[in-house]
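Student: structural data only, the sequence is not supplied:
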């Protein structure tokens, strides 16, 4: 069992890279917006109810996949490195898989702000993430989150055996996925 956690700031390309990685491996993609979009017709993700439901759905999926005979899962996440709760969440999710004998791979993506702002309004992103279709609001959220939180790690901050960092500002998602697959021999 493998868990590949692809993390980085909004619109860095996590979902798109995950989709490409899913195509060239036996892993299934579980991008973070799959649960957000499920809950959003009823509760805003920022609300207590929205966060609780998203958390419950994710937890149950992680538990079931970790115990299954699937090859593994690709999960995408915006990790606030200045938020102890985010560190704890990544530790918890990793432990779910490791406790079942799985291996966790950490892939950090980074890209220039201008590139992320362009990606934020791409048709592909908007097709898969209805809550991002108000591009003005989405762009405001992207910038304000970046100003409030540190969304990429410092050099040497992540002390994991299976860790890879890629600046994908000018690299196609297919190439990023290929590099991940080769680096971790997925």
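Tutor: That came through fine. All values derive from a computational prediction rather than experimental measurement.

Student: longest helix in the chain, please.
Tutor: helix 48-67 (DSSP state H).

Student: what is the mean pLDDT for that one?
Tutor: For helix 48-67, the per-residue pLDDT values average out at 97.

Student: kindly report the same for stretch 72-92.
Tutor: 98.

Student: how long is that stretch end to end?
Tutor: Between the opening and closing residues of stretch 72-92 there is a gap of 17 Å (C-alpha to C-alpha, to the nearest Å).

Student: give me the buried positions along it.
Tutor: For stretch 72-92, a neighbour-count test (16 or more other C-beta atoms under 10 Å) marks 72-81, 86, 89-90 as buried. C-beta: built from backbone N, CA, C; applies to glycine.

Student: ditto for stretch 49-59
Tutor: Taking 16+ other C-beta under 10 Å as the criterion, stretch 49-59 shows 50, 53-54, 58 as buried.

Student: same question, stretch 119-136
Tutor: Along stretch 119-136, these residues count as buried under the neighbour rule (16+ other C-beta under 10 Å): 119-120, 125-126, 129, 131-132.

Student: and the helix or strand of the chain with the lowest mean pLDDT, how far out from the chain middle?
Tutor: When each helix and strand of the chain is scored by mean pLDDT, DSSP states H and E, helix 123-128 comes last, with a mean of 80. Relative to the centre of its chain, helix 123-128 is centred 16 Å away, using C-alpha atoms, centre = their mean, to the nearest Å.

Student: next SSE after that helix?
Tutor: Later in the chain than helix 123-128, the nearest helix or strand by DSSP states H and E is helix 135-148.

Student: what packs against that following helix?
Tutor: Packing contacts for helix 135-148, counted by 3 or more C-beta pairs under 8 Å, 6 or more residues apart in numbering; DSSP states H and E, involve helix 113-120.

Student: neighbouring contacts of the helix it packs on?
Tutor: Contacts with helix 113-120, where a contact means C-beta atoms under 8 Å, 6 or more residues apart in numbering, come from 9-13, 111, 125, 132, 135, 138-139, 142, 146, 169-170.

Student: run the last query once more with 6 Å
Tutor: Identification of contacts with helix 113-120 by C-beta atoms under 6 Å, 6 or more residues apart in numbering yields 11-12, 138-139, 142, 169.

Student: make a ChimeraX selection of the buried ones in those residues.
Tutor: Remark: buried members of those, expressed as a ChimeraX selection using 16+ other C-beta under 10 Å:
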select :11,12,138,139,142
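
Student: looking at the contacts of helix 113-120, which is nearest residue 163?
Tutor: Residue 163 lies nearest to residue 12 out of these, by C-beta to C-beta, at 16.3 Å.

Student: contacts only, for that closest one.
Tutor: Applying C-beta under 6 Å, 6+ apart to residue 12 gives the contacts 109, 111, 116.

Student: if we use 8 Å, what do you get?
Tutor: 109-111, 116, 119, 168.

Student: helix, strand, or coil at it?
Tutor: Three states are possible here, and by DSSP: H, G, I helix; E, B strand; the rest coil the one that applies to residue 12 is coil.
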